[in-house]
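Asker: Next one to model:
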Amino acid sequence: MKTVLKSSQVQSQRWGGGPIVWLGLALASATVLAGSEKPGDTPASPPGSFGSHSAGWFSPENRHEDATLANLKAVQKAVQAVVDKTTPAVVSISDGGGYGSGVIVSREGLILTAGHVVNTGISQFDIFFSSGQTAKARLVGFNLNVDAAMLQLVGAGPWPSVELGRQADLDRGDWVVCLGHSGGYELGRKPPVRTGRVLDFRDEMVVTDAVLIGGDSGGPLFDLEGKLIGIHSSIGEVIAENRHVSIDIFRRDWDRLARGDRWGQLPDLPGDIDKQLPPEKSAPGQRAKLGVKVDPQATRAVVTEITPGSPAERIGLKRGDVVENFGGVEVRAGSHLIELVSQRRVGESVRLQVRRGTNLFQLEVILDQF
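Answerer: The predicted structure is shown next:
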């Protein structure tokens, strides 16, 4: 049973026409917002349709009470409790060529993430914790039709984990907490916190206005009790409408995923949140790749693996090569090369400077999707 802060208990606030989704910005914003409405004014409704909850949002008895600073403080307190409880289990996932996010759901080390995060042709991934701890994980199973996947941490537990929720416990308008390693893993930075509301339920997705960006894919969506209710998948037509794979889909497919089944095909999602490309450089469903694996934590971009059939293999890159310059930019670290590649589009030609032993090579590569 839910006991805290349903949609009928805390009224949405809007600033400049858009929903406030960063509760972590503290109470200075809340103070302004709480005093921004005149007595008797009807607060702006939250985005989306709220069905049977509509009466609660606009009823006279809560019109003023729900907009108080005390209630905003209560929301912030609840969000902080969720963050403190769940952050240790939120991880960054890397294949050496890009980043996604995930969340551990068992003390034995099962990780739930998005299908497109692990659909890279490899079976082992690097896992990064916000504490700085690292680990390896192997691919277990995926259902690409719904963008769902499962990994297994390698090594003895117990691992930090979160509790699974159920979609049936959600209503339109409920507060949610969004975590993920936005923009990729950064040592010493915890996964950024965003909040929002449930807007709708569509097919296998929970739709919210909690903001997502590149690197968040596969990260967790929690209710205000800290239960996992969704996995980040894609952005809608506007940034304030984002899709998360419902936890009910993982429950439904759990046995197949756990025994290693891998099936389905990814839909063409123009809102793939791991593109990290400006609109003028993006193409639906396409992510540029070089085809090398590097250690994201290394201070040099040393190639540790070459993907067969990739652009890197075609131009003759080898294991042990060091990429020192990419497209005219000095490469500062393994993670920096990952970032530079992510900013390019499929089919773009890029010049590389590569060191092999004492020799320097100037190469040109056409980035591809593979």
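Asker: mind checking how far stretch 154-171 is from the chain centre?
Answerer: Offset of stretch 154-171 from its chain centre (C-alpha atoms, centre = their mean, to the nearest Å): 16 Å.
Asker: Sorry, wrong one. I was asking about stretch 251-269.
Answerer: 19 Å.
Asker: Need the residues that contact that stretch.
Answerer: 110, 115-116, 119, 139-150, 164, 166, 233-234, 250, 284-285 (C-beta atoms under 8 Å, 6 or more residues apart in numbering). C-beta coordinates here come from the backbone N, C-alpha and C atoms, glycine included.
Asker: That one - what's its average pLDDT?
Answerer: Here stretch 251-269 scores 89 as its mean pLDDT.
Asker: Next secondary structure element downstream of the helix or strand harbouring Asp253?
Answerer: Element membership of Asp253 [criterion: DSSP states H and E] is helix 247-258. Scanning forward in sequence from helix 247-258 by DSSP H and E, the next helix or strand is strand 262-263.
Asker: Okay, now the sheet partners of that next one, with direction.
Answerer: strand 134-143 (parallel) (DSSP bridges).
Asker: pLDDT below threshold where in the chain?
Answerer: Residues of the chain meeting the criterion pLDDT under 70: 1-67, 268-287, 369-370.
Asker: Kindly report the domain assignment for it.
Answerer: Annotated domains of the chain cover 1-274, 292-366 [automatic domain parsing].
Asker: Can you report how many residues neighbour Arg351?
Answerer: Counted with other C-beta atoms under 10 Å, residues neighbouring Arg351 total 12.
Asker: Strands along the stretch 101-250 of the chain, start to end?
Answerer: 110-114, 124-129, 134-143, 148-154, 163-164, 175-179, 193-202, 205-208, 220-222, 227-235, 242-246 (DSSP state E, counting those that start in this stretch).
Asker: These into a markdown table, with extra columns for mean neighbour count and distance to Leu363?
Answerer: Putting these into a markdown table (neighbours: other C-beta atoms under 10 Å; distance: least, C-beta to C-beta, whole Å) gives the following:
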| stretch | mean neighbour count | distance to Leu363 |
| --- | --- | --- |
| strand 110-114 | 27 | 33 |
| strand 124-129 | 20 | 26 |
| strand 134-143 | 20 | 30 |
| strand 148-154 | 23 | 34 |
| strand 163-164 | 14 | 48 |
| strand 175-179 | 25 | 39 |
| strand 193-202 | 21 | 40 |
| strand 205-208 | 25 | 42 |
| strand 220-222 | 29 | 40 |
| strand 227-235 | 26 | 34 |
| strand 242-246 | 27 | 38 |
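Asker: sorry, back to before: ranking the domains of the chain by burial, who's on top?
Answerer: Sort those by mean neighbour count, taking mean count of other C-beta atoms under 10 Å, and domain 1-274 sits at the top with a mean of 19.
Asker: re the thing from before, direction-wise, compare the helix holding Asp253 with strand 193-202 and give the angle.
Answerer: Interaxial angle of helix 247-258 relative to strand 193-202 (axes from the mean of the first three to the mean of the last three C-alpha atoms, to 10 degrees): 90 degrees.
Asker: Could you tell me the angle between helix 247-258 and strand 227-235?
Answerer: Angle of helix 247-258 versus strand 227-235, following the same axes, to 10 degrees, is 90 degrees.
Asker: what pairs with the closest residue to Leu170 other than its chain neighbours across the strands?
Answerer: Nearest non-adjacent residue to Leu170, counting by C-beta to C-beta, 6 or more residues apart in numbering: Val198, 5.6 Å away. Beta-bridge pairing of Val198, defined through DSSP bridges, involves Thr208.
Asker: try Val90
Answerer: According to DSSP bridges, beta-bridge pairing links Val90 with Val103.
Asker: Look up how far Ser310 lies from it.
Answerer: From Val90 across to Ser310, the span is 30 Å (C-beta to C-beta, to the nearest Å).
Asker: cool, and Leu153?
Answerer: Noted for Leu153: a distance of 27 Å to Ser310, by C-beta to C-beta.
Asker: repeat for Ser349
Answerer: 15 Å.
Asker: swap in Arg172?
Answerer: 44 Å.
Asker: ok so, going back, I'd like to know which of the strands of the stretch 101-250 of the chain is closest to Glu364.
Answerer: Closest approach to Glu364 among these (C-beta to C-beta): strand 124-129, 28.7 Å.
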